[in-house]
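Student: sequence unavailable; structure follows:
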């Protein structure tokens, strides 16, 4: 057995690995931290790293294989090359043939043994604001937090993180994306993540209920009611205005398509669905202004989670905040990216 193979085995058998699985399950079971197959965690030692696999769900950490062994030292050294992250997988230690997370490169490059990355809704509600950097400086100064403007997940984001930070930074707020917290131990990283999330939390605004007749009208239309928390996006005029713009973060684009589709007040369900056609618009979250929200009849668990997430995020945005949105080419990059298509296929199938 090679030295690196021994390191994978020893790390996986350690109490630290067991702790990471417990934390991963807790984070994955909390929709205010992780939605669907989003987010990822890792632990590394002596050049060996275990990182969440693409398309798996953190909440399944205790019941399914969700981690992939990766040569972190080699990957970190090769960030400027063309070799894909998948080439650094220790295949002999990966009998399930899982692929590493899209964001594996920053897990390898960040110089801390434990890295936790979530799509924390309070963090995203901050990270989509035009003044996000100032808010981070004000609220997270004692954490030495660094704000990183939006970059496409993967190597682009990793290089941006390394260029903007030093080795002592443990907290990274990713513009239009989420939160990274690091530590020497799993407990240290988790406690930091909880503390940062708490500092950024805002009480969500109260939401009006959906029109009780909408569900019946949707029967047979190819659409069904979205999660209950989502209807306020259509029934609160200020939130509808926020939701109706371009996409705000990557996972919304990947699982629900770009932005949302708004049906104006006074347009019936039948008229709207006939106009939308089959298979419907690119955006799979339908907002009937003043009435409620709908998703396709065959919406996956991941799609439902992302529909709820948009409401969880926007209800925490201050009323007069100016938002930064993904540009059309940034949305297109996500939709046409093979790595994201693979993750959507796996994550979308999880019910």
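Tutor: Perfect, I can see it now. Because the structure is predicted, anything quoted here is derived from the model rather than measured.
Student: name all residues that make contact with residue 322.
Tutor: Shown here is residue 322, whose contacts under the criterion Cβ atoms under 8 Å, 6 or more residues apart in numbering are 129-131. In short, each C-beta sits where N, CA and C put it, glycine included.
Student: in JSON lines, list these along with pLDDT.
Tutor: Putting these into JSON lines (pLDDT from 0 to 100) gives the following:
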{"residue": "129", "pLDDT": "98"}
{"residue": "130", "pLDDT": "98"}
{"residue": "131", "pLDDT": "98"}
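Student: was I right about residue 100 contacting residue 50?
Tutor: No. With the criterion set as Cβ atoms under 8 Å, residue 100 and residue 50 do not qualify as a contacting pair; they are 9.8 Å apart.
Student: ok, these two, which is more surrounded?
Tutor: Legend: neighbour count by other Cβ atoms under 10 Å for residue 100 and residue 50, higher for residue 100 (29 against 26).
Student: list the beta-bridge partners for the more buried one.
Tutor: Going by DSSP bridges, residue 100 is paired in beta bridges with residue 53.
Student: would you map the strands across the stretch 151-300 of the chain?
Tutor: Defined through DSSP state E, counting those that start in this stretch, the strands belonging to the stretch 151-300 of the chain, from first to last, are 171-174, 178-183, 223-225, 261-263, 286-288, 292-296.
Student: the stretch 151-300 of the chain: helices as residue ranges?
Tutor: Assigned by DSSP state H, counting those that start in this stretch, the stretch 151-300 of the chain shows helices spanning 155-164, 186-200, 214-218, 232-235, 237-243, 250-256, 269-276.
Student: now the common contact residues for residue 100 and residue 50.
Tutor: Applying Cβ under 8 Å, 6+ apart, one finds that residue 100 and residue 50 are jointly contacted by 68, 70.
Student: how close does residue 210 get to residue 69?
Tutor: Counting by Cβ to Cβ, to the nearest Å, the separation of residue 210 from residue 69 is 46 Å.
Student: hmm, back to that, among the contacts of residue 322, the buried ones, what's the ChimeraX command?
Tutor: For selection in ChimeraX, the members of the contacts of residue 322 meeting the burial criterion (16 or more other Cβ atoms under 10 Å) are listed in this command:
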select :129
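Student: in helices, which of the contacts of residue 322 appear?
Tutor: Taking DSSP state H, every one of the contacts of residue 322 sits outside helices.
Student: what is the nearest of the contacts of residue 322 to residue 321?
Tutor: Within the contacts of residue 322, proximity to residue 321 (Cβ to Cβ) peaks at residue 129, which comes in at 5.0 Å.
Student: out of everything not next to it in sequence, what's closest to the closest one?
Tutor: Spatially, and ignoring its direct neighbours in sequence, residue 129 is nearest to residue 321 (5.0 Å; Cβ to Cβ, 6 or more residues apart in numbering).
Student: same thing with residue 260?
Tutor: residue 285 (4.6 Å).
Student: my read: the one you found touches residue 263, true?
Tutor: No. In terms of Cβ under 8 Å, residue 285 does not count as a neighbour of residue 263; the distance is 11.4 Å.
Student: which of the two has more neighbours?
Tutor: Applying other Cβ under 10 Å to residue 285 and residue 263 shows that residue 285 carries more neighbours, namely 27 against 21.
Student: look up how far residue 294 lies from that one.
Tutor: The gap separating residue 285 from residue 294 is 8 Å, by Cβ to Cβ.
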